[in-house]
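K.L.:
below are the sequence and a predicted model for it; my questions follow.
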Amino acid sequence: MSNATTLLTFARETLEIELAEAQRLLARLDDNFVRACELLLACSGKAVISGIGKSGHIGKKIAATLASTGTPSFFVHPAEALHGDLGMIGAGDVVIFISYSGRAKELDLILPLLAESKIPVIAITGGKESPLALGAACTLDISVEREACPMGLAPTSSGVNTLMMGDALAMALMRHRGFNAEDFARSHPGGSLGARLLNRVHHLMRTGDRLPVVNENVNVMDAMLELSRTGLGLVAVCDAGHKVVGVFTDGDLRRWLVKGHSLNDSLSQAITRPGYRLPEQWRAGEALEALHEQHISAAPVVDIDGVLVGAINLHDLHQAGVG
């Protein structure tokens, strides 16, 4: 058997074992899971995640997922908790302890202190009869019949189960709260995600002197000059009430001239009607997708009554970090 075949065989066996163990989690979503959700939904403080070793690494990820999806949370290392960080946990908090065996010695010291302070504990463990499980308000069972590690030593299948149970908890809470994309963006204001979801079209559009606009009664020459002045690639054509009746683009100008028409002709015959326009309240991400779908690079922006309030193009969106 070649090296390539051997490596692929090992990889497939690993995934097959982990997938089989993960599938068994579905049958364990019971009253304990509901109780864990209820504790976190009623929590007036924060969810405090704690675990040591590989469980700690996964615990940090679970804490981050909870925090970004509407459940304020942070990670505390059990050893650090015994040397001062226990003061970070207070009344109103809920602690989620992660330990596959449920017998980490640090937990033996911490659990009685939490019980004394009436701070509820959710256990994520494979040790259903362990001190952690027995001392917890509810236990989420992530036990496995077989680790993907051939020696049964490295926490592989159990690590995947822990991560998946954390995700199940976070997503159940998020959906129950009605946490939406805009809420998510408030936790992620930096980068393209925040730009797409928090910015509205009216935040980024061109206005004032940068807005290309002409009245529908002008001639093609006037519209061409406005095209050149603003460089947006289009001019919004409005009626007397400043409502958009169409657009005049660089392409419209070329087609008009190729057909042998004059620059002194009335613009009304040369424009694209009704032309695509963007609502001012749309999210920036929606605007970007719409421009791509329409295969255009720019569009006028209108209010609810169809009155012109601005214009925007792909460059404006990209410059704001959208896309």
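P.N.:
Noted; the coordinates are in hand. Residues are numbered from 1 along each chain as shown.
K.L.:
drop to CA atoms for contacts and neighbour counts, all remaining ones
P.N.:
OK.
K.L.:
which intervals of the stretch 1-150 of the chain have sub-threshold pLDDT?
P.N.:
Scanning the stretch 1-150 of the chain for pLDDT under 70 picks out 1.
K.L.:
what about 50?
P.N.:
Applying pLDDT under 50 to the stretch 1-150 of the chain picks out no residues at all.
K.L.:
so where do the strands sit in it?
P.N.:
Ranges of strands within the stretch 1-150 of the chain are 47-51, 73-75, 94-98, 121-125, 138-141, based on DSSP state E, counting those that start in this stretch.
K.L.:
each with direction, which strands does the first one pair with?
P.N.:
Strand 47-51 sits in its sheet next to strand 73-75 (parallel), strand 94-98 (parallel), going by DSSP bridges.
K.L.:
C-alpha coordinates for it, PDB please?
P.N.:
Listed next in PDB are the C-alpha coordinates belonging to strand 47-51 (Å, rounded to 0.1, in the frame of the first residue of the first chain):
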ATOM      1  CA  ALA A  47     -21.900  32.300  31.400                       C
ATOM      2  CA  VAL A  48     -18.500  31.300  32.700                       C
ATOM      3  CA  ILE A  49     -16.900  28.500  30.800                       C
ATOM      4  CA  SER A  50     -14.100  26.500  32.400                       C
ATOM      5  CA  GLY A  51     -12.000  23.400  31.500                       C
END
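K.L.:
who's in contact with it?
P.N.:
Outside strand 47-51, the residues that touch it by Cα atoms under 8 Å, 6 or more residues apart in numbering are 40, 56-57, 59-60, 62-63, 71-78, 89, 93-99.
K.L.:
do the same with stretch 22-34
P.N.:
Applying Cα under 8 Å, 6+ apart, the contact partners of stretch 22-34 are 138, 139, 140, 141, 142, 157, 160, 161, 164, 165, 169.
K.L.:
wait, which of the residues you listed is closest to residue 8?
P.N.:
residue 157 (18.2 Å; Cα to Cα).
K.L.:
show me the chain divided up by domain.
P.N.:
Here the domain assignment for the chain is 3-179, 201-319, based on automatic domain parsing.
K.L.:
can I get these in JSON lines with mean neighbour count?
P.N.:
Below are those laid out as JSON lines (neighbours: other Cα atoms under 10 Å):
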{"stretch": "domain 3-179", "mean neighbour count": "18"}
{"stretch": "domain 201-319", "mean neighbour count": "18"}
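K.L.:
now do the strands in the stretch 151-300 of the chain.
P.N.:
213-215, 234-238, 244-249, 278-279, 298-302.
K.L.:
quick one: which of those is nearest residue 44?
P.N.:
strand 278-279 (39.2 Å).
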